[in-house]
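A.B. asks: Fold the following, please.
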Amino acid sequence: MIMKNYKKIDPDQWYQFRKRISKANPFIMGMIFRYLTDKPFTKLYGIAPIKDIGIFEGYQHTDNILLKSFEDFGKSILIKVKDHNFTSTLAAKSRFYANAMAKKLKFKNLATLSDKQLYRLYSELVELYGQFALYSIPLWLLGEKALATEAKKILEKKSTAQLDKIYTTIITPANPSYTFKEELEILKLAKDKCFSKEKLQKLANNYGFIIYDNQGPNSKKVADYLKEIKTVAEKNNIEFEYAEKKNYYGRFKRQQNKIIAGLKFNAREKNIIQALQHAALLQDMRKYYNAYFNFKTENLFREMAKRLKTDYTLLRYLAPQEMEIVWKSQKLNSDLKQRLKECVLTVENGKANVYTGKALQPFLLLKKEEADNEKTELRGEIASLGKTSGIARVLMSAGEIEKIKKGEVLVTPMTTPDFMTAIKKCVAIVTDEGGITCHAAIIAREMRIPCIIGTKNATRVLHDGDLVEVDADAGVVRILKPAGLKNKT
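C.D. replies: Sure thing, here's the model as predicted:
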């Protein structure tokens, strides 16, 4: 594959929007940015295609977008949302392609397909996911910051009282997240003491894959749900808890409508608020269908790997246009195993390039971290109001969720659906990354626990065992007692 020369990289020209420990999937990134870096993106959003550089080091994934692309998108989206229907159309198109993708993923015996049919299925899924990404991702990934800044300016002119509470309330979509829906179903079955295999299977079919995220291997099976429901059924207040959760969004919508009516927004202001609501909605939709896509395509990759006589996990390190070459030649790239350890994926003009070995060295400037001084507090963005204290538990990946105990503060780069076991135990969430529409923000508001996001360095400043205060009313996390002083009283 022909690769561009990226020897001259100025880190100041790039915006780092993701740095986390996760089972990142280069195949998914290749599909997403194939559409975000080509002409369809320009036609829809009105700016030049973006440029992306993703650095993969095992499970660590750093993603960078050209700063000008990020800034230009913010300006463009503020113009686009003058049309009240623009973000509604993004949501509708996302649902359309999500449903088309879901139908295509209902394959049965892949072994009966010819090589040509198998590759055609792969290509069709790549096309559908790319279209889904085009409509579901840019609004929250690239536009949230500009929209949030504008929304806060609007509110500052309208009111100074309880600004953060009003802000987090009005930008939250009045639709439950997929995780919320799953929890409500579990509570209902537990309340009714219903352990029907048919209903448990339906639950597993609808939600079990959410924790699969990008690469699995976990998903919840019937046995997992049965165990969880039996445990929940033993609660004394199950009827009350179910009623509270069932009525939550009805109450929330009434409260939200009352606040919005009182603020008397003009048409433009309403569109800004609606755009942020749709950004959160699209963020949740993307996580759900991304997990579903990855979960269901595992069997497709396994069948393709079987015919290529290789490990299916390696195929996820092939960009879509590379797969076409590999499938025709039946010869794998010589650097595939090296990609599992470290590689760089760049996407420009709809084409992905993969770098390994010495060729990736120029890109490593983009993952440079600033040294952290001895700090006793850090600041971030308020995602869900409240104030509490507890022992910090730093989880760098969902694979560490067993470490957290009930009543502790979850500190992590960013949350994904496979963090839900940990989130249900914690009293607050603090993240390095994320915006007001990220997973942690949405879930924390639904669970009504304090949440501070976008601190940039919480996982480096805070340590396991630190006693911390999470003041999400002020956006501050304070270390009350470092872990090393825990027993020095």
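A.B. asks: got the residue ranges for the helices in the stretch 1-150 of the chain?
C.D. replies: With DSSP state H, counting those that start in this stretch applied, the stretch 1-150 of the chain shows helices at 26-36, 39-45, 67-80, 86-104, 115-136, 138-142, 144-158, listed in chain order.
A.B. asks: Poorly predicted segments of this structure, please.
C.D. replies: Applying pLDDT under 70 to the chain flags residues 1-7, 21-22, 160, 368-374, 485-489.
A.B. asks: Can you tell me how far T62 is from V344?
C.D. replies: Distance of T62 to V344, computed by C-beta to C-beta, to the nearest Å: 10 Å. From N, CA and C alone the C-beta is placed, and that goes for glycine too.
A.B. asks: closest to E57 out of the helices of the stretch 1-150 of the chain?
C.D. replies: E57 lies closest to helix 26-36 among the helices of the stretch 1-150 of the chain, at 11.9 Å (C-beta to C-beta).
A.B. asks: and the closest residue in space to Y207 that isn't next to it in sequence, how many neighbours?
C.D. replies: Spatial nearest neighbour of Y207, excluding adjacent residues (C-beta to C-beta, 6 or more residues apart in numbering): E182 at 4.0 Å. The local packing of E182 (other C-beta atoms under 10 Å) involves 20 other residues.
A.B. asks: again with V326
C.D. replies: 18.
A.B. asks: I figured it hits L308, correct?
C.D. replies: Yes - the criterion here is C-beta atoms under 8 Å, and V326 meets it with L308 at 7.0 Å.
A.B. asks: out of T62 and V344, which sits in the more crowded spot?
C.D. replies: Shown here are T62 and V344; by other C-beta under 10 Å, V344 has more neighbours (26 against 22).
A.B. asks: could you point out which element follows the lengthiest helix in the chain?
C.D. replies: Assignment by DSSP state H gives helix 267-308 as the longest helix of the chain. Next along the chain after helix 267-308, taking DSSP states H and E as the criterion, comes helix 312-315.
A.B. asks: could you measure the residue nearest to L263 when sequence neighbours are not counted against L78, distance?
C.D. replies: Leaving aside its chain neighbours, L263 sits nearest to K158 (5.0 Å; criterion: C-beta to C-beta, 6+ apart). Per C-beta to C-beta, K158 is found 18 Å from L78.
A.B. asks: of the two, who's got more company?
C.D. replies: Ranked by neighbour count (other C-beta under 10 Å), K158 and L78 place L78 first, with 18 against 14.
A.B. asks: Make sure the more buried one is actually in contact with T149.
C.D. replies: No - applying C-beta under 8 Å, one finds L78 not in contact with T149, separated by 9.4 Å.
A.B. asks: Common neighbours of the two, please.
C.D. replies: Counting by C-beta atoms under 8 Å, 6 or more residues apart in numbering, L78 and T149 have no shared contacts at all.
A.B. asks: can you pull out the helices in the stretch 151-300 of the chain?
C.D. replies: 163-170, 178-191, 197-207, 222-233, 238-263, 267-308.
A.B. asks: Looking at those, spot the one closest to F419.
C.D. replies: helix 178-191 (9.9 Å).
A.B. asks: got the contact list for the closest one?
C.D. replies: With C-beta under 8 Å, 6+ apart as the criterion, helix 178-191 contacts 176, 194-195, 199-200, 203, 206-207, 210, 225, 228-230, 232-233, 235, 238-239, 241-242, 245-246, 284, 287-288, 417, 420, 443, 446.
A.B. asks: about what we covered before: what would the helices of the stretch 1-150 of the chain look like in CSV with distance to S389?
C.D. replies: CSV is the format used below for these (distance: least, C-beta to C-beta, whole Å):
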stretch, distance to S389
helix 26-36, 38
helix 39-45, 43
helix 67-80, 36
helix 86-104, 38
helix 115-136, 37
helix 138-142, 31
helix 144-158, 27
